[in-house]
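Participant: Coordinates for the following, if possible.
(2 chains)
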Amino acid sequence: MADRYLVEAVNDALHVEMERDENVMVMGEDVGRAGGVFRATAGLRDRFGADRCVDTPLAEAGILGSAVGLCMAGFRPVCEMQYDAFSYPCLDQLITHVGRYRWRTGGKMTFPITIRMPYGGGVRAPELHDDSPETYYVHTPGIKVAIPSNPADAKGLLAAAIRDPDPVVILEPKLVYRTERGAVPDGEHVVPLGKARLARDGSDLTLVAYGAMVPVCERAANELEASVEVLDLRSLKPLDEEALLASAAKTGRIVLVQEAPRTCGYAAELAAILVEKALLDLRAPVLRVTGYDVPYPYWTIEDAYMPSVARVVDAARALLAF
Amino acid sequence: MASTVPAEHDLRRVIGDGDSIPDGEVEGVGEQELLDFYRSMVLLRTYDERSVVYHSQGRIGTYAIYWGHEAIQAGAFHALEDEDWIFPSYRESAIGLLRGMPAATVLSWWRGHPAGWWNPADYNLASICIPIATQVPHAAGLAWGKRLRGESACALTFFGDGATSEGAFHEGANFAAVMRAPLVLLCNNNQWAISTPLAAQTKADALVDKAAGYGIPGVRVDGGDVLAVYEAARAAVAHGRAGEGPSFIEAVTYRSAPHATADNPKAYIDLERVGEERANECLSRFEGYLRRQGVLHDDLAHAIKAEATEVMRAGIAAAEAEPPADIGLLFEHALADPPASFEHDLAELRRILGG
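Facilitator: So this is what the prediction gives:
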């Protein structure tokens, strides 16, 4: 075990998985010589060479599209999209091919592609460096999606993604890249996709979150005068439905927190599942604390857009008083 | 202003016109090769013509016609080795037949039946690609991967003139060039993208000019001349295998059939021009050449045609004999490790359907 920042844990996972399997290659913009704009891929080019840690042209659809062909040649590409909102050009390949190609071959050929990118706001960045695009990915059939909230999970989920036979998108919370620090297992460390983590045990109310909203929920829980559970989903697709329903059965009060815009966001899916499968366990309405249905704002007012501790506490108090 | 094509854009051709333009020949192409090319073209032509009939009979769904493009497909195909990968668009849907794929597989695909699925690795042939140009980066990636593995295989991808306007074409071509990927970019310039003519697609004098922007060689050939296409593709493959990276071939032809069975070109196309093009179509041009060379005679032509007709007769029979697809196939291959919800959804569906 070593204490690492979240982005260092990502880097550690890449080193371990590339060492473990020579078919794993990293590709993206500035990932090689520069080691990534967030240093997530630092050292890989020196260690594994320029053919396994590849600086690509600035072409997100080209990165993901050529990764499809690399899979056909037996590689396991790990594609970095430099920022959340810069990943949108790759949606064409993701939707029309990456999520469908295995199906199209009748399951005869697999496409073990990992797409990883920093996501989310709060970092005082220019426009389009702050999006929370998980819904686009989750909504695409054939794609798995995971979002870590802490260094150990960042390493373990990325390792699981790289070893998975299907395409997996990993969204890394850039806001806490260098603030979340914790013990990370040395060497091989895999956190299976589809398993949530109970970040905090409680009995009166559950805050459900993922990624950078988990620490926000933990701080909110500290401020509340009740026994508050915090469920860190870790994996959005597949979802650990059992953990969600178990927590609903236990507390009966659920606040769903996401920083993405509200409409058709991931919290809406969770709310639908709770209504379908946990209605009689609920003692109050399910509430959402989300970003708003507006473009992500310029950074002088971004704190008002992002779900804050105060907004989460406010929603929780409303439910506790229901 | 009328578009003028500079002299360097003259189309390379090998097949003469039996009159003022003399027949040429391609080094290394003897009688055997000529007849192989011919068999391939006849098989592709027969597939296409029968498919249009099958569609009119309701035996296959909407079908993208490639009548008149057989010289491009067969010429390019014969420049490849078995180890080389092909990335087709829907316009080359039947190219797998040349690699031994059963006609029933491709017919099933056009029948919307999962029996039309295949494993690309079985034929070194990617799936039929529908969204325009999106297969180009796949081909670039495969070719790049083969180079990284130190293998000699290369890739060839077909796309149309309209595809050169797509971002995916640009990203794929540029990627291949930067990665020195052994890729042949074969543009089937039939001058129409459904109803959009080439002049509304680009301001370039010729599509081959785009090659310069990627720093790769480009050549422009007569797409109705199977030998010219073959010669250009063979040179492009050799270029890739020598580690020199990708090449661009513009094979110029004319779409003298509808885009697809659902298309009615009368609304936008010059029918007189279509008539001229059909009178000068690629298969009869090659037949004329072979007869002038003394390689083809009536008996052999009939035998080759009969062989192709039998492939299609057996193919449609086999495709129609496929039992209806089980609804379990809705879920079965979407993910290697399916979520529990799939099993639940399928069980519920079977209960409701009474199956």
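Participant: C-alpha only now, for contacts and for neighbours.
Facilitator: Fine.
Participant: what residues does chain B put near chain A?
Facilitator: Within chain B, the positions near chain A by Cα under 8 Å from any Cα of the partner chain are B:114, B:117-121, B:127, B:131, B:134-146, B:148, B:168, B:171-172, B:174-175, B:178, B:332-336, B:339.
Participant: where does residue 105 fall, phi/psi-wise?
Facilitator: Since no chain was named, I'll use chain A. Here is the backbone geometry of A:Thr105 (degrees, to the nearest 10): phi -100, psi 10.
Participant: Among the residues of chain B next to chain A, which ones are in helices?
Facilitator: Under the assignment DSSP state H, these contribute B:120-121, B:136-146, B:148, B:168, B:171-172, B:174-175, B:178 to helices.
Participant: Make a ChimeraX selection of the buried ones in those residues.
Facilitator: A single ChimeraX command selects the buried members of these (16 or more other Cα atoms under 10 Å in any protein chain shown):
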select /B:120,136,137,138,139,140,141,142,143,144,145,146,148,168,171,172,174,175,178
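Participant: and B:Asp17, how far is that from chain A?
Facilitator: According to Cα to the nearest Cα, to the nearest Å, B:Asp17 stands 41 Å off from chain A.
Participant: show me where the stretch 51-200 of chain A has strands.
Facilitator: Secondary structure of the stretch 51-200 of chain A (DSSP state E, counting those that start in this stretch): strands at A:53-55, A:76-80, A:114-119, A:144-146, A:168-173, A:181-184, A:197-200.
Participant: Please work out the average pLDDT along the fifth one.
Facilitator: By that I understand strand A:168-173. The pLDDT scores in strand A:168-173 average 98.
Participant: Kindly report the same for the third one.
Facilitator: Strand A:114-119 shows a mean pLDDT of 98 in the predicted model.
Participant: Provide the strand pairings for that strand, with the direction of each partner.
Facilitator: If you go by DSSP bridges, strand A:114-119 pairs up with strand A:76-80 (parallel), strand A:168-173 (parallel).
Participant: Strands along chain B, start to end?
Facilitator: Secondary structure of chain B (DSSP state E): strands at B:85-87, B:155-160, B:183-189, B:192-193, B:196-197, B:218-222, B:247-252.
Participant: Can you add mean pLDDT and mean neighbour count and give these back as CSV?
Facilitator: Listed next are those as CSV, based on pLDDT from 0 to 100; neighbours: other Cα atoms under 10 Å in any protein chain shown:
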stretch, mean pLDDT, mean neighbour count
strand B:85-87, 98, 27
strand B:155-160, 98, 26
strand B:183-189, 98, 28
strand B:192-193, 96, 20
strand B:196-197, 95, 14
strand B:218-222, 97, 24
strand B:247-252, 98, 28
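Participant: Turn those strands into a markdown table, including distance to A:Asn150.
Facilitator: As requested, the strands of chain B are exported to a markdown table (distance: least, Cα to Cα, whole Å):
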| stretch | distance to A:Asn150 |
| --- | --- |
| strand B:85-87 | 42 |
| strand B:155-160 | 42 |
| strand B:183-189 | 43 |
| strand B:192-193 | 51 |
| strand B:196-197 | 53 |
| strand B:218-222 | 51 |
| strand B:247-252 | 47 |
